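Visitor: What would the 3D arrangement of this be:
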Amino acid sequence: MKHYLADVIRLLFYFYTVFLFIRIVVSWFPAWQYQTWVRFISFYTDPYLNLFRRVLPPLGGVIDISPILAFFVLQIIEKILLHLLA
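Guide: I've put the predicted structure just below:
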């Protein structure tokens, strides 16, 4: 049972990581912001990214490095959950 739960956790974190990556790439293309699939991804990723944007505001008002911290923390949380499950 633990093995299946660990697989589900890995899968959820993988998909969320992919969503974050897509959200970051799409932010470079302002015309795509109004696409339905982009709004769907933004709805689920922006609250998480906003936590880190408060800690690391954009450099020079333009370069947002907070997603790097967001990816790092997401990996740490995944590892902690998997360790607790083991």
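
Visitor: Next, name the residue at the spatial heart of this structure.
Guide: In the chain, the C-alpha nearest the mean C-alpha coordinate belongs to Leu20, at 3.7 Å (CA atoms, centre = their mean).

Visitor: pretty sure that residue is in contact with Ile68, am I right?
Guide: No. Leu20 is beyond contact range of Ile68, at 10.7 Å (criterion: CB atoms under 8 Å). Using the backbone N, CA and C atoms, a C-beta is placed for each residue, glycine as well.

Visitor: In the longest helix seen in the chain, which residues are buried?
Guide: Ranked by residue count under DSSP state H, the longest helix found in the chain is helix 2-26. Within helix 2-26, the residues that count as buried by 16 or more other CB atoms under 10 Å are Phe13, Phe19, Leu20, Arg23, Ile24, Val26.

Visitor: Leaving out the residues flanking it, which one is nearest to the fourth one?
Guide: Distances taken as CB to CB, 6 or more residues apart in numbering put Thr45 closest to Arg23, at 4.5 Å, once the chain neighbours are dropped.
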